Every structure is written in structure tokens, then in C-alpha cells.
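Colleague: What follows is a predicted structure for the sequence shown.
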Amino acid sequence: MLPPFCAMLIVAAVLAIILAGRMSKRIVGPLNDIDLDCPLENEVYEELSPLLTRIERQHRQISEQLDELRRRQDEFATVTGSMSEGLILLNDKGFILSIYPAAMRLFGTNAGCAGCDMLAVNRSLEMQRLLSDALAGKRSEEALSLGGGEFQVNASPVLSKGEVRGVCILTFDVTEKQRAEQQRREFSANVSHELKTPLQSIMGSAELIENGLVQPADLGRFAGRIRQESARLVMLIDDIIRLSRLDEGEELPKEDIGLKAVADEVVCALSEEAAKKNVSLTVGGEDLHIMGVRRLVYEIVYNLCENAVKYNVDGGSVRVGVSQGDNETILAVSDTGIGIPPEAQGRVFERFYRVDKSHSKETGGTGLGLSIVKHAAVSCGARIELQSKVGEGTTIKICFPRE
Ligand code: ADP
């Protein structure tokens, strides 16, 4: 038999456990039911209010920080998505951490290459050199041919406390720059050559006269050659100046231009030359206007008509027509001249290209007329169409966009 005191103690302990259980359930119950997403909307006993207010404040802070983070992420995605430069981030082993859209397009890969070795995406010698330099802590750059274009690729180490933690690769499209550089080099070489030829002829003739090696009866012929070659030089220099002014791409004011009026002006300026060749020059079509730079439009019409006269046959004709196309205003110069062989049709707009050098020289051509036309047409946003048949004639159309 337990002493009555012990029995009372046991009963009291059991009762205490049962009561404590019930009470803790009543205390914890509302806590478990709290909606932590909206802490202040819960109906709980007053003692919990300060805690819920703090939770609500933290809740707001976290959601503001999340919004900010998302906004920054969106901004970053928009910037990297519209970047024309390719950006790739690598870890300190040369494995891809992130690759952005332009770089994916360039290296012909997709987001799935994240986590792969960069050399699995591009194994070129240049890439190997870039990576080994960057992973050794040195910034380097290489030229790479990718997808038919020329690119400058820069690799910079990402350093932290003097240690390489990763590599940042940036690619820049330099195709256009290299093409322009190449064109500039070719142009300079061509200009020197083109200037040298008439100058040598002038010097040769002058030397012969100076040394008394020309018979008095031939003096006129030699003076004529010197004048002719000098005129050629002046023409060449004029064309070079016109081209370089176009190259500078200066913004000129646009105005309303009547194409027929410009054509009439050009016909008037070329009438003497046309008469010399017995070529008739006419203007026809509709009286259509465009918004453009007058000097450029004149340049186009003048060069086309000049060629149409120059490369025409005795008794031939040239017609300038203005008409309306689909969303375009078309100026066409048609001649009944010698025509351009099919293999040369794609090249006549190149600088200094001439189908027949000797014939062109005879007719006073510099090989720059059609490149001036092309340049001016591009500046006007116009398209060029060429149709030609040897022995029958040529039609060159300039299609100006309708504003
Ligand atoms: P050029 O000053 O020699 O005329 P262009 O650039 O104007 O130079 O023309 C390039 C070449 O295209 C000319 O040398 C000529 O051979 C050819 N060409 C241009 N226009 C015509 C045309 N209307 N008919 C025949 N050939 C032409």
C-alpha cells in the first residue's frame, strides 16, 4: 500500500501533466493556425501582436527586396539580350557559368552549354590562347572568324584577392570595320595608281619638250596630250573629292525634289557632250517628287546620264523616265549603248572598276561614276536595279522609297 501522501503526489502529477498538455495545446493551437502570409489579419491573443507586427515588417522587407531583385534581373536580361556583343562568364577552370544570347548565336550553341568546358564550344587555337592567358591572370585579345564574320574576342580574368576566380569573355563584331579598312587600303592604292598614270604621261611629254627632242611640228600634239592628261587628273580629283564627301556621311537637309526637273537640268548640262556623240537625250514620265538631298539626287542622275551618253553609239538615244512603283518612286535611265557584259554587271559599282580600261580611258572615265551613284543611292535609302544586254543597251533604275 502506498502511503496516502505518495498517492496524492502521483494524482497531482498526472493532473498537472493533463492540465499542462491542455494548456499548451490552447497556447500553441492559435500559433499553428497563424497565416504567416498575412500576419496582421489573424485573430490571436494580444501577447502575440508585437511578434506578428515584426513578422509583417520583415515580410514586407523581404518582398520589397525580392521585387528589387526581380527588377534588376529583368533589367540585366534586357540589357544582355539586346547586346550585340557576346558575353560569356567562366569559372576558374574555364567552364561556362553563364552565356548570353549574342554569344550563343555567335558560337552556335544554346543555354544548355552552361556547365560545359568553353573549349568544347570553341576549340580554336585562338580560344585556347585566350583561356590560358586569362586563367593565368593576363588580359588578352584575339581575332576570330565566326559565322562568316570577323570578331575581336577579349578575355579578362576576374580577380579576387589576387586570385583568378573566373574569366569574362566579350566578343565584338569587327567585320564592317575590317571591310572598311580593306576598302580604304584598296582605294588609296588605286588612287595612287590612277593619279600616277596621267602624271607620268605629262612628265614624259614635258621632258621630251624640255630636252628639245620634239619637232616644232609635233609641239601642238604634245601640248594637247599634256592638256588632256591634266584634264583627266582634274576630273579624277573631282570624283575623289565627291566620293570622300559622301564617305564623310555629313547629314544634309532634305527637301522636296521634282525628279523630272532634276533630269531636265542634267540633260541641259550634258547637251553639248550628247550632241558631239550624236546621241539624243529625252526626259519623260510622270512629274513625281521625293524628299531627299538635292545634291545627291543630282549626282545620281548626272552620273547615270553621263555614262549613258559616254557608252552609247553614234546616233543612239538616252531616255530618263520617272514612274511610280509599289511604294517606290522610280527614276530609270535607259540607253541604246554598248551594254555591260553579264559577268561585269555585279562589279560596275565597285570603285575604279571599268569593263574596258582602254575604252573607258578614251571616253574619259575614272571608274568612280557608278560608285558615286551607289553611295548616293544608299544615302537616300534607294535601291538600284541594273538591266543590260551587250550591243543593245542598259537601263539603270533608282528606286526611291516613298516617304
Ligand atoms: P567610268 O568613269 O569609267 O565611266 P563608272 O563607275 O561610271 O566609271 O562605270 C564603271 C564601268 O561600267 C564603266 O567603265 C563602263 O565600262 C561600265 N558602264 C557604266 N555605265 C554604262 C552604260 N550605260 N553602258 C555601258 N557600260 C557602262
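Modeller: Perfect, thanks for sending it. In this text, all values refer to a predicted model and were calculated from it rather than measured experimentally.
Colleague: For the stretch 101-250 of the chain, just list every one of the strands.
Modeller: 140-146, 149-160, 163-173 (DSSP state E, counting those that start in this stretch).
Colleague: who in the protein is up against the ligand?
Modeller: Applying CB under 6 Å from any ligand atom, one finds that the chain approaches the ligand through 307-308, 311, 335, 337-340, 348, 353-356, 360, 365-371, 394. C-beta coordinates here come from the backbone N, C-alpha and C atoms, glycine included.
Colleague: 5 Å instead, please
Modeller: Taking CB under 5 Å from any ligand atom, the part of the chain that reaches the ligand is made up of 307-308, 311, 337, 340, 348, 354-355, 360, 365-367, 369-370, 394.
Colleague: circling back to that earlier point, got CSV for the strands of the stretch 101-250 of the chain, with mean neighbour count too?
Modeller: Converted to CSV, the strands of the stretch 101-250 of the chain look like this (neighbours: other CB atoms under 10 Å):
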stretch, mean neighbour count
strand 140-146, 16
strand 149-160, 17
strand 163-173, 17
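Colleague: Now render these as TSV, adding mean pLDDT.
Modeller: Shown next, in TSV, are the strands of the stretch 101-250 of the chain (pLDDT from 0 to 100):
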stretch	mean pLDDT
strand 140-146	93
strand 149-160	95
strand 163-173	95
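Colleague: For E46, which of the ones you listed is the nearest?
Modeller: Evaluated over those, closeness to E46 peaks at strand 149-160, with 51.0 Å, by CB to CB.
Colleague: Tell me the strands beside the closest one, with direction?
Modeller: Applying DSSP bridges, strand 149-160 is found paired with strand 140-146 (antiparallel), strand 163-173 (antiparallel).
Colleague: still on that earlier bit, would JSON lines of the strands of the stretch 101-250 of the chain with distance to M8 be doable?
Modeller: JSON lines is the format used below for the strands of the stretch 101-250 of the chain (distance: least, CB to CB, whole Å):
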{"stretch": "strand 140-146", "distance to M8": "89"}
{"stretch": "strand 149-160", "distance to M8": "71"}
{"stretch": "strand 163-173", "distance to M8": "72"}
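Colleague: so where's this protein uncertain?
Modeller: The chain contains residues with pLDDT under 70 at 1-2, 358-364.
Colleague: What separation do you get for the residue nearest the centre of it and the ligand?
Modeller: Nearest to the mean C-alpha position of the chain, counting by CA atoms, centre = their mean, stands E176 at 7.1 Å. E176 sits 23 Å away from the ligand, taking CB to the nearest ligand atom, to the nearest Å as the criterion.
Colleague: Report the separation between that residue and F151.
Modeller: Remark: distance between E176 and F151 (CB to CB, to the nearest Å) = 12 Å.
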